[in-house]
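Student: Please work out how this folds:
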Amino acid sequence: MTQPEGQDDSACLAQAAHPGATDATGIPDASFIAEVVRAEVGEQNFQHWFCRRTRLAVSGDQLLIQVPNPFILNWLLKRFRSHLTRAAHLLLGPSASCHFEVECSLLDSPTGRSAADERKGDPPPDRRSPDAGKSAAAAPGEAVGTAVPLNGSRRRFRTFDSFVSGDCNSLAVMAARQIAGDPGKRFNPLYVHGGTGTGKTHLLEAVYSDVRRRRPQANVMYLSSESFTNYFMSALNARTVPSFRQRFRNVDVLLIDNIEFLDNKRATQEEFLHTVVQVVEHGGHVVVSSDRHPRLLTRHREELTTRFMSGLVCRIESPDASTCAQLVRSLAGGLSATFTDDALDYIARRCRGSVREIQGALNSLDGQYALCARKITLAVAREVLGDLAQECRRLVRISDVEKVVCEAFGVTATDLRSTSRRKALSFPRSVALFLSRRHTKSAYREIGQYFGGRDHSTVVAAERRVAAWIDSGEAIVLPTSCSGKTIAEVVDELEKRLMALAS
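Tutor: Predicted coordinates:
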């Protein structure tokens, strides 16, 4: 056998002991390199520091060790430099050396290989391979910026099937479905904005899932703008910006969540701008979400905000009444608890802020069901959710209760404190006593004294009376703006006004 240039007898003998350890050019293959390093550093060290964290290859007369970050690089240099130098001598001869470099693509996987390679069982790519320059690009269809849990399971992306659409989000859903069906055509880029918990992330995940299902070979990338920033900063620190650009600019669909995170990050904004331009001009599609309209991104580069506005800008509103009702029933269907219709209607009325608020309420009631194994009725829902609201509620004063009751029923504070027993005054007075006890936690005597020097027994009786009216579902017949509504609806509305005052 002809001895390759640069190798001595020991290197040749080592390779001769392992038939098939070299390729046609006489350069050691990946498995043989790993075996030599394993023998030098020991099995335990190899499994902990090299098998799962590095990529080993040969480049010229160097043993190349690629690591995911500078911390691991410094640690391996400090602890294993002499061992790795000996391994390089065994592999390539006495003139060989070991060389470390940071490779950001290793951040995707705890094994130091791309997720696609791990699933296929392929060996790590060699730096000499013609495709080595592609190692920095994410595997087609792989999501980046999502952590891989210790149990090996990946993030589960939601789909359009679980997304509840309505008048509040119909335009955004229509655009997202068109993009998933035919990316790179219309609405490019798509910019979705709205408040917290309105479904922006769900919509981006649905696009990701649908494109992956329809086009398994497509390179689809989903990540938050924070993750994009972290990858970019790592590339700057490790001087691997070209590989970073290779990775992010050669995708078919790029989905970026929470773009407002880039506020005041001028360098990252410029890099993201060039990324968006590159993806769009080469037939890819960009979808971005934010909590505000592009014009309100005042801390972003103007070139970037105008680029967002050149596509389609969609606002997702907070769910309306009908959408809330659909959301509650859709989410409740996946829980073990059994809900009555009036309990679900109560949750839909009470939790109009966001989907997350609805999810939290349903989870609390599901936990109550698991604990007590009783059906979730309207009374149970009021009790559980009322207690939760009370725990996180800010200070509400009796004067606040007096103010909202007077505004709702068109009476004055003097009327509430008077001795008159006319229904037009006694009813709002009872509601005021009930809300004061429920939201201020003041003593019965203190509440009675505030509303005209009444005895504590009057407050107790009013509390019980209003609670009975709520459970019975009675409607208000007084000639006020609340007329025609049930007492439960009026109380819910007054409680929301109190929370607005307290905030």
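
Student: How about stretch 295-307, which residues are buried there?
Tutor: 297, 300, 304-305, 307 (16 or more other C-beta atoms under 10 Å). C-beta here means a position set from N, CA and C on the backbone, and glycine is covered the same way.

Student: how near is Glu260 to Ile358?
Tutor: 24 Å (C-beta to C-beta, to the nearest Å).

Student: neighbour-wise, which of the two wins?
Tutor: Ile358 (23 against 15; other C-beta atoms under 10 Å).

Student: Find the nearest non-adjacent residue to the spatially most central residue of the chain, please.
Tutor: Nearest residue to the geometric centre of the chain (C-alpha atoms, centre = their mean): Thr201, 6.5 Å. Nearest residue to Thr201 in three dimensions, chain neighbours excluded: Asp257, at 5.6 Å (C-beta to C-beta, 6 or more residues apart in numbering).

Student: next structured bit after the helix or strand bottoming out on mean pLDDT in the chain?
Tutor: One helix or strand of the chain scores below all others by mean pLDDT, DSSP states H and E: helix 115-120, with a mean of 38. Proceeding N to C from helix 115-120, the next assigned helix or strand is helix 170-181, under DSSP states H and E.

Student: Just give me how far that next one sits from the chain centre.
Tutor: 20 Å (C-alpha atoms, centre = their mean, to the nearest Å).

Student: Quickly find the element holding Leu416.
Tutor: helix 413-417.

Student: try Leu223
Tutor: strand 220-224.

Student: And this protein, what are its domain boundaries?
Tutor: Residue ranges for the domains of the chain, per automatic domain parsing: 9-130, 160-316, 321-391, 398-502.

Student: Just confirm Arg55 contacts Gln66, I think it does.
Tutor: Yes: Arg55 sits in contact with Gln66 when judged by C-beta atoms under 8 Å, with a separation of 4.2 Å.

Student: Tell me where the stretch 151-300 of the chain has strands.
Tutor: For the stretch 151-300 of the chain, the strands defined by DSSP state E, counting those that start in this stretch cover 190-194, 220-224, 253-257, 285-290.

Student: The second one pairs with which strands?
Tutor: Meaning strand 220-224. Applying DSSP bridges to the sheet, strand 220-224 is found paired with strand 253-257 (parallel).

Student: Helices of the stretch 401-503 of the chain, residue ranges please.
Tutor: 413-417, 423-440, 444-450, 456-472, 487-502 (DSSP state H, counting those that start in this stretch).

Student: Of all the ones you listed, which one comes closest to Ser95?
Tutor: When the helices of the stretch 401-503 of the chain are compared by C-beta to C-beta, helix 487-502 sits nearest Ser95, at 75.3 Å.

Student: by contact count, what packs against the closest one?
Tutor: helix 341-350, helix 398-409, helix 423-440, helix 456-472 (3 or more C-beta pairs under 8 Å, 6 or more residues apart in numbering; DSSP states H and E).

Student: tell me the most buried of these?
Tutor: Mean neighbour count (mean count of other C-beta atoms under 10 Å) peaks for helix 423-440 among these, with a mean of 22.

Student: Touching it from outside, list them.
Tutor: Outside helix 423-440, the residues within contact range by C-beta atoms under 8 Å, 6 or more residues apart in numbering are 386, 390, 393, 396-398, 401-402, 404-406, 408-409, 411, 415-416, 418, 420, 442, 444, 447-448, 450-451, 458-459, 462-463, 465-467, 476, 478-479, 487, 490-491, 494-495, 498.

Student: just to revisit the earlier point, a markdown table please, covering the helices of the stretch 401-503 of the chain and showing mean pLDDT.
Tutor: Formatted as a markdown table, the helices of the stretch 401-503 of the chain follow (pLDDT from 0 to 100):
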| stretch | mean pLDDT |
| --- | --- |
| helix 413-417 | 89 |
| helix 423-440 | 88 |
| helix 444-450 | 91 |
| helix 456-472 | 87 |
| helix 487-502 | 79 |
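
Student: picking up where we left off before, how about the helices and strands packed on helix 487-502 in a markdown table, adding distance to Leu171?
Tutor: Output for the helices and strands packed on helix 487-502, formatted as a markdown table (distance: least, C-beta to C-beta, whole Å):
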| stretch | distance to Leu171 |
| --- | --- |
| helix 341-350 | 23 |
| helix 398-409 | 35 |
| helix 423-440 | 39 |
| helix 456-472 | 38 |
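
Student: Out of the ones you listed, which is closest to Pro216?
Tutor: Among the helices and strands packed on helix 487-502, helix 341-350 sits nearest to Pro216 (C-beta to C-beta), with 38.5 Å.

Student: want to throw the helices of the stretch 401-503 of the chain into CSV with distance to Arg329?
Tutor: Shown next, in CSV, are those (distance: least, C-beta to C-beta, whole Å):
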stretch, distance to Arg329
helix 413-417, 39
helix 423-440, 28
helix 444-450, 38
helix 456-472, 23
helix 487-502, 19
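
Student: sorry, back to before: now, which of the buried residues of stretch 295-307 sits nearest Ala176?
Tutor: Arg307 (19.1 Å).

Student: In which helix or strand does that closest one reside?
Tutor: Under the assignment here (DSSP H and E), Arg307 is part of helix 302-309.

Student: dump the residue contacts of Glu101.
Tutor: Neighbours of Glu101 in contact, by C-beta under 8 Å, 6+ apart: 64-67, 73, 238.

Student: List just the nearest of those residues to Arg186.
Tutor: Looking across the contacts of Glu101 and measuring by C-beta to C-beta, the closest to Arg186 is Ala238, at 38.1 Å.

Student: for the longest helix along the chain, packing partners?
Tutor: What stands out as the longest helix in the chain, according to DSSP state H, is helix 70-92. Applying 3+ C-beta pairs under 8 Å, 6+ apart, one finds that helix 70-92 contacts helix 9-16, helix 30-41, strand 62-67, strand 97-102.

Student: Same list as before, the ones you listed that is, but in JSON lines and with distance to Arg156 and mean pLDDT included.
Tutor: Below are those laid out as JSON lines (distance: least, C-beta to C-beta, whole Å; pLDDT from 0 to 100):
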{"stretch": "helix 9-16", "distance to Arg156": "46", "mean pLDDT": "48"}
{"stretch": "helix 30-41", "distance to Arg156": "33", "mean pLDDT": "86"}
{"stretch": "strand 62-67", "distance to Arg156": "30", "mean pLDDT": "86"}
{"stretch": "strand 97-102", "distance to Arg156": "31", "mean pLDDT": "83"}
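
Student: With distance to Asp471 added, can I get the ones you listed in CSV?
Tutor: Listed next are the helices and strands packed on helix 70-92 as CSV, based on distance: least, C-beta to C-beta, whole Å:
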stretch, distance to Asp471
helix 9-16, 85
helix 30-41, 71
strand 62-67, 65
strand 97-102, 66
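
Student: from those, which stretch is densest packed?
Tutor: Among these, highest average neighbours (mean count of other C-beta under 10 Å) belong to strand 62-67, with a mean of 22.

Student: tell me which residues in stretch 160-172 are buried?
Tutor: 160, 163-166, 168-169, 171-172.

Student: quick one: it to chain centroid distance?
Tutor: With C-alpha atoms, centre = their mean, you get 18 Å for stretch 160-172.

Student: got a list of contacts for it?
Tutor: 173, 176-177, 180, 192, 194, 198-199, 202-203, 206, 209-210, 314-320, 322-323, 326-327, 330.

Student: So which of those residues belong to helices?
Tutor: 173, 176-177, 180, 202-203, 206, 209-210, 322-323, 326-327, 330.

Student: low-confidence ranges in this structure?
Tutor: Applying pLDDT under 70 to the chain picks out residues 1-27, 104-105, 107-154, 353, 387-394, 476-484, 501-503.

Student: of the ones in helices among the contacts of stretch 160-172, buried ones?
Tutor: Here, 16+ other C-beta under 10 Å leaves 173, 176-177, 180, 202-203, 206, 209-210, 323, 327 buried among the ones in helices among the contacts of stretch 160-172.
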